[in-house]
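**Student:** Build me a model:
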Amino acid sequence: MTWKLLLLLLSVFGCAASQLWQHVDPFIGTSSSTVPGTIAGSGNMFPGATLPWGMVKVGIDTAFTGLSLNLADINAGYSPNGNMTAISLMHVSGTGGPPKYGVVSQMPLTGTLVGVNLADNTTYFQNRSLSEEVANVGYFKTKMLNGVSAEMTAAQHAAHLRYTYPAGQDAHVLVDLAHVLPAFSRPGESQRYRGGALWLTQDGQSYSGYANYATGWNEALPWRIYFCANFSTPATSFGTFGYVYDYIQPPQPPIIRPYLEVSAYDTYGLGALFTWSGVTNATMTVESRAGISFISREQACKYVADELPANKSLEQTIDDARAAWESEILTSITVPQDHQETNTTLLTMFYSALYGTAVMPSDRTNENPLWNSSEPYYDDFYTFWDIYHCTTPLWQLIHTPRYVDIIRSLVDIWRFEGFLPDGRSSNFNGRTQGGSDVDQALADAYIKGFDQVTSINWHDAYAAMKTNAEITPFRNLDPDAFDGGTKEGRFALPDWHKYGYISPIYSRSVSRTVEYAQNDFALYQVAKGIGNFADASLYLNRSQNFRNLFNPNATADLTKINAGMFKGFLAPRNQDGSWNQTFNVTNCSGCSWDDLTYEGLMWEYAFGIPHDIAGLIDLYGGDAEFVRRLDASFVDGFSSTASVGSNNGAGTSIFNPGNEVSFLTPLLYNYVRGQQHRTVDTVRAVLGKFYGITASGYPGNTDAGAMQSWALWNLLGLFPVTSQPVYLISSPHFSAIDVRLKTTMVGPNATNQPAYLSIRADGLSNSSYYIQNVTLNNKPLIRSWIHYSEIANGATLRFQMGPNAVSWDVGELPPSYSLGNYTV
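**Tutor:** Numbering: from 1, shown residues only. Purely as a prediction, here's the structure:
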């Protein structure tokens with residue numbers, strides 16, 4: 001029996017009873033809080049239909065063309081006020097930068113096509129009636145202003161679509177292989193169509209083919225996707241068309257020709273038009289079932305036949321999708337029957353976030369076109385720079401068997417391509433924003449029980465991590481980074497190995513130094529575990545290299561927010577050992593690829609050493625001074641606009657809730673005895689101010705579930721410290737909640753039953769949320785953290801809450817290198 005089937009059987013009762021999908025709102029994170037109707041600064045969430053980690057993510061694609069001030073990249077296809085250009089089967093969710101996917105598309109059209117250029121979507125795109133737009137788990141519906149409605153749902157490799165056309169007008173479906181999501185911000189990195197082929201059947205009821213595409217955010221080489229689709233009723237007329245392809249300038253209108261089998265090279269667009277004429281006074285409905293494959297047309301057609309047979313209704317497919325989400329994802333964390341939560345806002349925030357953590361990556365097992373392997377295969381890691389902080393630790397705890405497969409896939413990518421990915425999509429590694437942050441994800445899993453999972457070859461996994469630590473990757477040129485080297489691995493290793501820090505001859509030198517230190521601590525953890533003690537010592541020492549950038553004279557003036565002066569920060573250093581003076585601790589000039597730090601200020605990165613927070617406290621002058629720095633980080637009024645770009649920043653404090661660099665910062669008060677209550681204040685303030693259940697309910701790009709997982713952990717009252725088996729305690733938002741732990745379902749002592757972490761908060765209310773005392777399995781807990789081993793096989797964590805802050809956290813501090821308790 002497979003683990004997926006087992007989990008489905010385990011949760012059938014809960015699935016039927018809970019209907020937790022009703023608490024999920026996929027529209028959260030789809031709109032801007034500052035420019036209504038756009039996605040500028042939004043979560044860039046994908047609101048269409050998919051399965052957990054589904055290969056097909058079917059949704060609408062929109063464009064702002066012609067609307068002033070709205071030329072933002074629409075990464076997930078959806079924008080509130082954008083004109084609909086197509087429905088496509090491949091998307092990502094929550095990402096930034098030049099868009100990826102929006103391919104394998106259909107566009108329903110109606111009436112006369114006079115004046116329509118089939119090769120120019122600005123001549124046929126349609127706005128929608130937002131009041132009639134619906135998104136929930138496994139289902140999306142929109143209605144265009146021309147009267148056509150489109151409904152859609154998804155299976156693993158196929159999409160089921162239903163088009164309802166107005167009465168008395170011809171109905172059409174346009175297929176344009178050149179359709180992609182374009183990049184307005186950086187046209188040079190925009191996706192490009194690179195040729196394809198089409199086969200139409202003689203009865204006008206189905207078609208298949210392939211198309212090639214290139215570039216996008218990860219600057220990928222050309223790749224191919226196959227497709228196969230059918231219609232519920234044959235078209236009355238149909239044909240194909242071609243045109244000279246220009247991804248910027250639309251061509252002349254193409255002519256429909258009766259060619260049923262046709263191919264086009266990479267500068268020639270290709271498409272098809274299907275028409276149903278003679279529509280009566282009644283509305284007409286056309287359904288389409290479409291599948292995709294990276295292997296062949298035949299495989300795409302087989303997916304349609306197997307997953308969406310002709311006798312399976314759209315409603316049945318929707319029900320199956322919801323059942324999959326209920327059984328594997330939504331029932332993994334539940335409120336017990338005797339503590340029913342009545343706060344619907346809290347439930348919607350929580351389950352929408354839980355949903356958002358399982359949209360990416362994409363499970364493409366048996367769909368790897370690059371090599372033959374019996375290992376699982378996942379793609380669309382976007383990126384580990386974003387998700388290693390708290391998303392992968394969530395998967396490890398509640399989606400354990402699935403995460404085992406993901407790790408096996410990562411190691412297999414290294415076996416055949418030579419490097420682990422930091423980012424990856426369309427079967428191509430890219431890009432690396434800082435260090436090799438997949439290392440932290442692997443180490444975090446290893447020290448939380450995965451070392452006992454024999455299906456993971458940990459010697460290979462460690463070899464893959466060591467490749468990152470020792471081998472400089474081949475330089476790829478990148479228009480955004482002056483030194484290139486952004487495809488994979490750690491390109492700045494020459495400086496790291498020679499000087500123990502990264503100098504400004506490399507881009508992002510300060511943030512890379514911080515991340516490389518984290519990376520090497522991750523290698524230490526695995527090297528120690530597999531018994532390679534020489535390597536363990538080497539990488540543990542390298543994990544302290546961040547100290548080589550500590551400039552005791554670097555200053556920050558925060559008198560404008562009445563926070564005073566601060567001295568001593570990580571700062572750029574030249575190769576000759578002298579301090580580089582061209583920096584500002586609280587201004588990064590955009591925090592982009594060419595700057596000293598990436599998507600975060602030097603002030604923020606000064607807290608970015610989770611394996612040695614105690615060491616940072618010493619560098620910064622002790623407990624009181626460290627707390628003063630933390631306090632200053634959260635004072636509003638520091639800046640009037642986000643300092644790291646509209647898609648990556650939120651608020652006016654130095655602390656940036658819109659980016660992962662600052663994820664751990666609100667909880668760092670836990671590293672000072674008696675200050676955990678400040679963590680409570682800060683986390684609750686961030687959740688209350690920047691997270692919600694409106695369409696603008698996230699503080700920036702959600703980055704493939706990163707923002708959602710931050711919210712989830714803090715709503716539970718815990719937060720992981722990556723690469724350590726440690727969870728910091730914040731403050732629960734539920735009086736009772738049960739976390740289903742699948743950690744018991746892997747390893748040598750695996751069972752077919754999950755365990756549960758039961759969290760109880762007695763006395764919790766809107767005015768009573770400070771921790772008074774804590775017990776773990778009925779034993780008093782006086783430290784502000786718990787160890788993975790204390791909960792892995794199930795546990796009860798009970799809080800007594802009260803209206804006043806107390807210093808209950810007087811026990812052992814969380815592990816840090818400088819305390820000597822980092823090996824736990």
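
**Student:** Give me the most central residue, the protein.
**Tutor:** Centroid-nearest residue in the chain: Ala704, 0.9 Å away (criterion: CA atoms, centre = their mean).

**Student:** what sits against it?
**Tutor:** 92-95, 359-361, 380-383, 386-387, 391 (CB atoms under 8 Å, 6 or more residues apart in numbering). Using the backbone N, CA and C atoms, a C-beta is placed for each residue, glycine as well.

**Student:** how about 7 Å then?
**Tutor:** Counting by CB atoms under 7 Å, 6 or more residues apart in numbering, Ala704 makes contact with 93-95, 360, 382, 386-387.

**Student:** now it: how far from Thr383?
**Tutor:** Plainly put, Ala704 is 8 Å away from Thr383 if you go by CB to CB, to the nearest Å.

**Student:** Go ahead and confirm Gln675 touches Ala624.
**Tutor:** No - using CB atoms under 7 Å, Gln675 is not in contact with Ala624; the gap is 10.2 Å.

**Student:** Low-confidence ranges, the stretch 601-750 of the chain, go.
**Tutor:** The stretch 601-750 of the chain contains residues with pLDDT under 70 at 640-648.

**Student:** picking up where we left off before, pick out the lowest-pLDDT one from the contacts of Ala704.
**Tutor:** Looking at the contacts of Ala704 by pLDDT, the weakest one is Tyr382, with 92.

**Student:** That one is in contact with Ser93, isn't it?
**Tutor:** No - under the criterion of CB under 7 Å, Tyr382 makes no contact with Ser93, lying 8.4 Å away.

**Student:** Report the rounded mean pLDDT for the longest helix seen in the chain.
**Tutor:** The longest helix of the chain (DSSP state H) is helix 509-530. Summarised as a single mean, pLDDT over helix 509-530 is 98.

**Student:** Would you tell me what the next helix or strand after it is?
**Tutor:** helix 533-542 (DSSP states H and E).

**Student:** CA-only coordinates of that following helix in PDB, if you can.
**Tutor:** Extracted as PDB, the C-alpha positions of helix 533-542 are listed here (Å, rounded to 0.1, in the frame of the first residue of the first chain):
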ATOM      1  CA  PHE A 533      34.500  14.400  11.900                       C
ATOM      2  CA  ALA A 534      37.400  16.100  10.000                       C
ATOM      3  CA  ASP A 535      34.800  17.700   7.700                       C
ATOM      4  CA  ALA A 536      32.600  18.500  10.600                       C
ATOM      5  CA  SER A 537      35.400  20.500  12.300                       C
ATOM      6  CA  LEU A 538      36.200  22.300   9.000                       C
ATOM      7  CA  TYR A 539      32.700  23.400   8.300                       C
ATOM      8  CA  LEU A 540      31.900  24.300  12.000                       C
ATOM      9  CA  ASN A 541      34.900  26.600  11.900                       C
ATOM     10  CA  ARG A 542      33.800  28.100   8.600                       C
END
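
**Student:** Can you tell me which helix or strand of the protein has the lowest average pLDDT?
**Tutor:** helix 12-18 (a mean of 41; mean pLDDT, DSSP states H and E).

**Student:** who does the following helix or strand past that one touch, helix- and strand-wise?
**Tutor:** Scanning forward in sequence from helix 12-18 by DSSP H and E, the next helix or strand is strand 49-50. Counting contacts by 3 or more CB pairs under 7 Å, 6 or more residues apart in numbering; DSSP states H and E, strand 49-50 is packed against strand 57-63, strand 149-154.

**Student:** which residue sits closest to Thr694, ignoring its sequence neighbours?
**Tutor:** Leaving aside its sequence neighbours, Thr694 sits nearest to Ile28 (CB to CB, 6 or more residues apart in numbering; 7.1 Å).

**Student:** For Leu354, see how far away the one you found is.
**Tutor:** From Ile28 to Leu354 the distance is 12 Å (CB to CB).

**Student:** quick one, which of the helices and strands packed on strand 49-50 is nearest to Arg128?
**Tutor:** strand 57-63 (7.9 Å; CB to CB).

**Student:** I'd like the next helix or strand past the closest one.
**Tutor:** According to DSSP H and E, the helix or strand after strand 57-63 is strand 83-88.

**Student:** Export the helix or strand following that following strand to PDB, keeping only CA atoms.
**Tutor:** Counting by DSSP H and E, the element after strand 83-88 in chain order, helix or strand, is strand 105-110. Extracted C-alpha coordinates of strand 105-110, given in PDB (Å, rounded to 0.1, in the frame of the first residue of the first chain):
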ATOM      1  CA  SER A 105      -3.500  27.700 -23.200                       C
ATOM      2  CA  GLN A 106      -7.000  28.000 -24.500                       C
ATOM      3  CA  MET A 107      -9.000  31.200 -24.900                       C
ATOM      4  CA  PRO A 108     -12.800  31.100 -25.300                       C
ATOM      5  CA  LEU A 109     -14.200  33.800 -27.700                       C
ATOM      6  CA  THR A 110     -17.700  34.500 -28.900                       C
END
